[in-house]
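Q: 3D, please:
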Amino acid sequence: MVCVLATLKVKEDKTEDFEKIFKNLSEDVRSNEDRENENTYLVLEHYKDQESVDAHGKSDHFRSAGRAIGECLDGPPVIKYLDALK
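A: Below is the predicted model of the structure:
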């Protein structure tokens, strides 16, 4: 298996364009390319500190979405916390 994690910094005035293009690309990849784990998603989030992580987990929008996402999952999420090199 080969995994690719790409970080793409988008120009401030190009966010909407990027999201539209990337959504279309994602749909094309899913319909035209073989993927080993079609139902597996990797989510990478960046926070400035632990306090920000805690606030995110306690936010209304996260809790609401978390319940809805939980109903879609085939098992518990695997969560890893990473430390950035400085």
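
Q: low-confidence stretches in the protein?
A: Scanning the chain for pLDDT under 70 picks out the ranges 1-3, 36, 86.

Q: again, only this time at 90
A: Within the chain, the ranges that satisfy pLDDT under 90 run 1-10, 22-23, 25-49, 66-67, 78-86.

Q: spell out for me which residue occupies the centre of it.
A: Val43 (3.0 Å; Cα atoms, centre = their mean).

Q: that residue and Asp13: what is the separation?
A: Per Cβ to Cβ, to the nearest Å, Val43 is found 26 Å from Asp13. All C-beta spots, glycine's among them, are computed from the backbone N, C-alpha and C.

Q: show me where the chain has helices.
A: For the chain, the helices defined by DSSP state H occupy 15-32, 50-58, 60-70.

Q: so which of the ones you listed is nearest Pro76?
A: Pro76 sits nearest to helix 60-70 of all those, at 9.0 Å, using Cβ to Cβ.

Q: just the angle between that closest one and helix 50-58, please?
A: Helix 60-70 runs at 60 degrees relative to helix 50-58, counting by axes from the mean of the first three to the mean of the last three Cα atoms, to 10 degrees.

Q: just use 17 as the starting number from now, easier for me
A: Right, with 17 as the first residue, what we last looked at is helix 76-86.

Q: with just CA atoms, put helix 76-86 into CSV.
A: Taking C-alpha atoms only, helix 76-86 is exported to CSV below (Å, rounded to 0.1, in the frame of the first residue of the first chain):
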residue,chain,number,x,y,z
ASP,A,76,-21.1,22.7,19.4
HIS,A,77,-20.4,22.3,15.7
PHE,A,78,-17.9,19.5,16.4
ARG,A,79,-20.2,17.6,18.8
SER,A,80,-23.1,17.9,16.3
ALA,A,81,-21.1,16.7,13.4
GLY,A,82,-19.4,14.1,15.5
ARG,A,83,-22.7,12.4,16.3
ALA,A,84,-23.7,12.3,12.7
ILE,A,85,-20.3,11.1,11.5
GLY,A,86,-20.4,8.4,14.3
